[in-house]
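> following is a predicted model, sequence given first.
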There are 2 protein chains.
Amino acid sequence: MGTTQLEAVQEPKYWHLKTVLNDALDSEFEVGEILPNERDLAARFGVARATLRQALEQLELEGRLQRRRGVGTTVAPPRIGVAVGPSANVWPGAVRDAWTTIGCVEAVAPAPIAALLGTDPEQAVHTVRRERVTQGQPVATELLYVPPASVPGLSTLLTPAEHAPAVLDELHSLELEGEDRAVELGSARAEDAKQLDRLPGAPVLVVTTRYYAQGRVAAASVATYRADTCRLTFGDSGALEVMHEQPGRRQAS
Amino acid sequence: MGTTQLEAVQEPKYWHLKTVLNDALDSEFEVGEILPNERDLAARFGVARATLRQALEQLELEGRLQRRRGVGTTVAPPRIGVAVGPSANVWPGAVRDAWTTIGCVEAVAPAPIAALLGTDPEQAVHTVRRERVTQGQPVATELLYVPPASVPGLSTLLTPAEHAPAVLDELHSLELEGEDRAVELGSARAEDAKQLDRLPGAPVLVVTTRYYAQGRVAAASVATYRADTCRLTFGDSGALEVMHEQPGRRQAS
């Protein structure tokens, strides 16, 4: 009961090493500093390379370390607070938001998205790609799916450059009745990984949002956030500014 | 631009295998079914064991597979939707919520928590441990930190069993002015892992919540959710019920 009673828990060797490494990072290294190579680190802590590698992977998962190709393993800066879900309901792109629209295609949506939208799985939907850059870093990429039924007034004579703005404009003419979100762990698909400057399969936080209008789901989006550099924040923005600055960069222990 | 233009993307071998395996799971396996052993799978797909293992790890990350000690690798059921953050602000434990209180101790909070609370890092705070069970599964464990200043009327003569309810009761007498949350990726600490029936270091979603009263942070909590079985949902509860049932169990692709 509580936190002070330690019971015997199965604790792998790399887990103990992780704790030791974590303390060493606090006391001996600066943010951005490159760690010694694995051979030297394994020797210093008297562990096998495989054990060391597992501990490093854990610390990467927790956002303490970053592995960068051609650079090595560096001490990560604190994660960036990225606001998700404004307190007031707004359509994507309706106000100056943190996202940049890249383009739009008409394409058949993945089956789970068609199910979310309640559309025919074979039907093409407008698919707007957007990206989000925070503090100069690409932090998220998003696909916004809009069924044709939600944008009935859309012109059929649109250049590729006009497509995305026209879809968003039409969407904004609907009254947004509500939205809800789900956050889950995923792994970066090849195309998203490229946009986020990560390798395919890197852990990401996937935020699925449903937008409601006219009593049904009028649009849905799937946003993929880098899990290594982002903490997603929810709540009123005044308080969020403070959270941004808070020193706790890793899981409280 | 858009989703139809495929550019040459660096795609590791295990990534391609993952896609192939994913399709095989859809067409040939039922939820809960045990996969053939690694040797047989590697032979069937003509890949090295190491490549296979990486692909299995990816699918585990995406919630498609579960590895269970003594059982093997099974096809995972869809993730459970777990509502985080009710639309109305309420104190933890103030209404019948999804959490069970386990106990309370007075202990020095971890440094990042003390910073969140704005308390002296050396000061002991009331630390309430709670757990959350959904559909018979342990899905989350939580530590709620309450500084003594937030519960000035707390009796000093409390038995261990009375401690947690008394702290929560006192907290509820404050007017809750707001709350905000951050979600990030973490790895399960040994004690949390045990409670969640996972190995230490398993990926978890860490939800940090700040509760505001009297113009300051009156309490803070750190909840650790299983990342393999949970999708965290935010929004109004009416819509959430539907989301619960939605078929999209993995990242839309």
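Here it is on my side, so go on. Residues are numbered from 1 along each chain as shown, chains lettered A, B, ... in the order given.

> assumed A:Gln47 was part of a helix.
In this structure residue A:47 is Val, not Gln. No: going by DSSP: H, G, I helix; E, B strand; the rest coil, the assignment for A:Val47 is coil, not a helix.

> wait, it sits on A:Lys18?
No: if you go by Cβ atoms under 8 Å, A:Val47 and A:Lys18 don't touch, sitting 10.8 Å apart. Where you see a C-beta, it was placed from the backbone N, CA and C, and this is true even at glycine.

> common neighbours of those two, please.
Among the neighbours of A:Val47, those also in contact with A:Lys18 (Cβ atoms under 8 Å, 6 or more residues apart in numbering or on different chains) are A:Ala55.

> comparing these two, which residue is more hemmed in?
Applying other Cβ atoms under 10 Å in any protein chain shown to A:Val47 and A:Lys18 shows that A:Lys18 carries more neighbours, namely 25 against 20.

> quick check on that one: phi, psi?
Dihedral pair for A:Lys18: phi -60, psi -40, per degrees, to the nearest 10.

> so which residues of chain A form strands?
Chain-ordered strands for chain A, with DSSP state E as the definition, fall at A:65-68, A:72-75, A:80-83, A:99-108, A:124-134, A:137-146, A:178-187, A:203-213, A:216-226, A:230-235.

> just grab the bridge partners of A:Ala213 for me.
As for beta bridges, A:Ala213 partners with A:Arg216 under DSSP bridges.

> state the pLDDT value of the most centrally placed residue in chain A.
Nearest to the geometric centre of chain A sits A:Tyr225, at 1.3 Å (Cα atoms, centre = their mean). Note on A:Tyr225: pLDDT of 96.

> now A:Gln10
56.

> I'd like to know how many residues surround A:Thr19.
Residues near A:Thr19, counting by other Cβ under 10 Å: 15.

> let me fix that: A:Asp40
For A:Asp40, the neighbour count with other Cβ under 10 Å is 10.

> please report how far it lies from chain B.
For A:Asp40, the distance to chain B (Cβ to the nearest Cβ, to the nearest Å) stands at 23 Å.

> from A:Leu158, how far off is that residue?
According to Cβ to Cβ, to the nearest Å, A:Asp40 and A:Leu158 sit 59 Å apart.

> possible to save the strands of chain A as CSV with distance to B:Leu143?
Shown next, in CSV, are the strands of chain A (distance: least, Cβ to Cβ, whole Å):
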stretch, distance to B:Leu143
strand A:65-68, 25
strand A:72-75, 26
strand A:80-83, 21
strand A:99-108, 34
strand A:124-134, 29
strand A:137-146, 28
strand A:178-187, 20
strand A:203-213, 22
strand A:216-226, 25
strand A:230-235, 18
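
> which of the ones you listed sits closest to B:Leu59?
Counting by Cβ to Cβ, B:Leu59 lies closest to strand A:178-187 out of the strands of chain A; the figure is 8.6 Å.

> from the chain's centre, how far out does that closest one sit?
10 Å (Cα atoms, centre = their mean, to the nearest Å).

> note down every partner strand of it and its orientation.
Counting by DSSP bridges, strand A:178-187 is paired with strand A:203-213 (antiparallel), strand B:230-235 (antiparallel).

> where does the stretch 51-200 of chain A have low pLDDT?
Along the stretch 51-200 of chain A, segments meeting pLDDT under 70 span A:69, A:86-88.

> try 80 this time
The stretch 51-200 of chain A contains residues with pLDDT under 80 at A:67-70, A:85-89, A:94-97, A:199.

> tell me the domain boundaries of chain A?
A:13-75, A:80-235 (automatic domain parsing).

> any idea which of the ones you listed is most buried?
Greatest average neighbour count among the domains of chain A goes to domain A:80-235 (a mean of 19), per mean count of other Cβ atoms under 10 Å in any protein chain shown.

> chain center to stretch A:47-67: distance?
Distance of stretch A:47-67 from the chain centroid (Cα atoms, centre = their mean) equals 21 Å.

> TSV for the strands paired with strand A:178-187, including mean pLDDT and distance to A:His163?
Output for these, formatted as TSV (pLDDT from 0 to 100; distance: least, Cβ to Cβ, whole Å):
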stretch	mean pLDDT	distance to A:His163
strand A:203-213	93	19
strand B:230-235	88	29
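
> got the ones you listed as a markdown table, with distance to B:Ile34 columns?
Listed next are these as a markdown table, based on distance: least, Cβ to Cβ, whole Å:
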| stretch | distance to B:Ile34 |
| --- | --- |
| strand A:203-213 | 26 |
| strand B:230-235 | 23 |
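
> which ones are touching A:Val31?
Contacts of A:Val31 (Cβ under 8 Å, 6+ apart): A:75-78.

> now do A:Thr209
Contacts of A:Thr209 by Cβ under 8 Å, 6+ apart are A:85, A:179-181, A:220-221, A:223.

> specify the beta-bridge partners of it.
Under DSSP bridges, the beta-bridge partners of A:Thr209 are A:Arg181, A:Ser221.

> do you know how far the residue nearest to the centre of chain A is from chain B?
10 Å.

> quick check, that residue in contact with A:Gly81.
No: A:Tyr225 is beyond contact range of A:Gly81, at 11.6 Å (criterion: Cβ under 8 Å).

> what's the overlap in contacts for the two?
Taking Cβ under 8 Å, 6+ apart as the contact rule, A:Tyr225 and A:Gly81 touch no residue in common.

> relative to B:Glu162, which of the strands paired with strand A:178-187 is closest?
Comparing the strands paired with strand A:178-187 by their distance to B:Glu162 (Cβ to Cβ), the top pick is strand B:230-235, with 31.8 Å.

> kindly format the C-alpha coordinates of the closest one as CSV.
The C-alpha coordinates for strand B:230-235 follow below in CSV (Å, rounded to 0.1, in the frame of the first residue of the first chain):
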residue,chain,number,x,y,z
CYS,B,230,-5.5,1.1,-23.8
ARG,B,231,-6.6,4.0,-26.1
LEU,B,232,-7.2,7.1,-24.0
THR,B,233,-10.3,8.9,-25.0
PHE,B,234,-11.1,12.6,-24.5
GLY,B,235,-14.3,14.4,-25.2
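
> orientation of that strand relative to strand B:216-226 in degrees?
Per axes from the mean of the first three to the mean of the last three Cα atoms, to 10 degrees, the angle that strand B:230-235 makes with strand B:216-226 is 140 degrees.

> from what I see, A:Pro165 and A:His126 are in contact.
No: A:Pro165 lies out of contact with A:His126 (Cβ under 8 Å); the separation is 11.7 Å.

> give me the distance between A:Gly85 and chain B.
Per Cβ to the nearest Cβ, A:Gly85 is found 6 Å from chain B.

> wait, A:Ala218
13 Å.
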